[in-house]
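Asker: need a structure here:
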Amino acid sequence: MSRARLVITAVVVEGRSQAEVALAYGVSPGWVSKLVARYRVEGEAAFEPRSRRPRSSPGAVPAATVELIGSLREKLAEGGLDAGAHTIVWHLEHAHGVTVSPATVWRYLRKAGLISPEPKKRPKVSYLRFEADLPNEMWQTDFTHYRLADGTGVEVLTFLDDHSRYALSVTAHRAVTGRIVVKAFRAAVASHGIPASTLSDNGMVFTTRLSGGRGGRNGFETELARLGVLQKNSRPNHPTTCGKVERFQQTLKKWLRRQTAAATIGDLQTQLDTFLGEYNHRRPHRSLGRRTPAVAYTTRPKATPTGNTAGPHERVRTDRVDDSGVVTLRHNGRLHHIGIGRTHARTHVLMLIQDLDIRVINAHTGELLRQLILDPTRDYQPQHTKKPPNP
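Answerer: Numbering: from 1, shown residues only. Coordinates of the predicted model:
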């Protein structure tokens, strides 16, 4: 406040006119007049800096709303749910009829010491994102591990719509097997329709493509081919390809950690069902324009399969006839035994397979040992009384 003291001293002590002092020191005459008047009333206090805060703030958020913001933050965080500014804004509007901006909520949260800036957080522009244009255009699927209250390991299988992040199916199991994947997929299809494609990692319950064809199509692959659903798989060691379902599992586990640990798989399934209601219908998603997954899933028409894109399943398998004259073949995740005959025990063979049509030939001579149409309902495929002639 050195300039204020200089101006007041020039007018009061030196006796110069206010207009002359204003011109000499490059300030407005009105400011000089206010300073002098304040000095005559307040004395030395006139030199102290004054707050620029307005005497009233008609646009300020009411105290009740500020309290509500804090309580919502605490309630969401304790429940293991997202408690950021945008989510709080959504709950304020939809549950309490209060409209404030995310910036306002963020400011009050920061002022209360409930959040802090994250300058090292990776910027959103650095991510390459893909999103299906329509619901059911692609379903992502994966399973994750979890432990019950007594430490027993279980697994949780998820089917998630890529376009809307809508959780179509989340189920708990002792262990996720191929048959469980097919059963859960069929249940999701019954409730939500047939997707145009699926995306998963290369787990054996989803695909046998990394097995060199020895295992044949598993049950899930067979079901997709039957329905004309295009199957997509991520490249090995690239989990980010299935990033949406991976991120969902993180959100789910964060919520589960805030709950009482489930004692049984049934208890865990009850918790999963409760979470689905919250996640699908009452949790706004930033990437969906702050809509809930349920709204995003039902807003646009659903995609449908474009046809059987898989084609016939053709492969050549190398095997050896066992001592009892039998070779084995896995179809649709089920192991079948094919009788060749004890006379060919220990013979190395090639199996030429096109869907259910199978030819078994001697790997060294090319002699046809057996030709059959596989019966998927039978474990043992009985040997013919006569060997078919060579073509």
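
Asker: make it CA atoms for all contacts and neighbour counts henceforth
Answerer: OK.

Asker: how about the helices in the stretch 251-391 of the chain?
Answerer: 265-281, 293-299 (DSSP state H, counting those that start in this stretch).

Asker: with only the CA atoms kept, save stretch 189-209 in CSV.
Answerer: In CSV, the C-alpha atoms belonging to stretch 189-209 read as follows (Å, rounded to 0.1, in the frame of the first residue of the first chain):
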residue,chain,number,x,y,z
VAL,A,189,-28.9,-64.6,-26.0
ALA,A,190,-32.3,-65.6,-24.7
SER,A,191,-32.6,-62.3,-22.8
HIS,A,192,-30.9,-59.8,-25.1
GLY,A,193,-30.8,-61.3,-28.6
ILE,A,194,-28.0,-62.8,-30.8
PRO,A,195,-24.9,-60.6,-31.1
ALA,A,196,-23.2,-60.0,-34.5
SER,A,197,-19.8,-60.8,-33.0
THR,A,198,-17.9,-61.7,-29.8
LEU,A,199,-14.5,-60.6,-28.5
SER,A,200,-12.4,-62.6,-26.0
ASP,A,201,-8.9,-63.5,-25.1
ASN,A,202,-7.4,-66.9,-26.1
GLY,A,203,-8.5,-68.9,-23.1
MET,A,204,-9.3,-72.5,-23.9
VAL,A,205,-12.9,-72.0,-22.8
PHE,A,206,-13.4,-69.4,-25.6
THR,A,207,-11.2,-70.7,-28.4
THR,A,208,-8.8,-73.5,-29.4
ARG,A,209,-7.1,-71.4,-32.2
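
Asker: how far off centre is it?
Answerer: Distance of stretch 189-209 from the chain centroid (C-alpha atoms, centre = their mean, to the nearest Å) equals 16 Å.

Asker: and what of stretch 265-284?
Answerer: 15 Å.

Asker: ok, back up a step: tabulate the helices of the stretch 251-391 of the chain (JSON lines), appending mean neighbour count.
Answerer: Converted to JSON lines, those look like this (neighbours: other C-alpha atoms under 10 Å):
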{"stretch": "helix 265-281", "mean neighbour count": "17"}
{"stretch": "helix 293-299", "mean neighbour count": "18"}
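
Asker: chain neighbours aside, what residue packs nearest to Leu268?
Answerer: Ala262 (5.1 Å; C-alpha to C-alpha, 6 or more residues apart in numbering).

Asker: thought that neighbour was touching Leu148?
Answerer: Yes - applying C-alpha atoms under 8 Å, one finds Ala262 in contact with Leu148, separated by 5.4 Å.

Asker: need the residues touching each of those two.
Answerer: Shared contacts of Ala262 and Leu148 (C-alpha atoms under 8 Å, 6 or more residues apart in numbering): Leu268.
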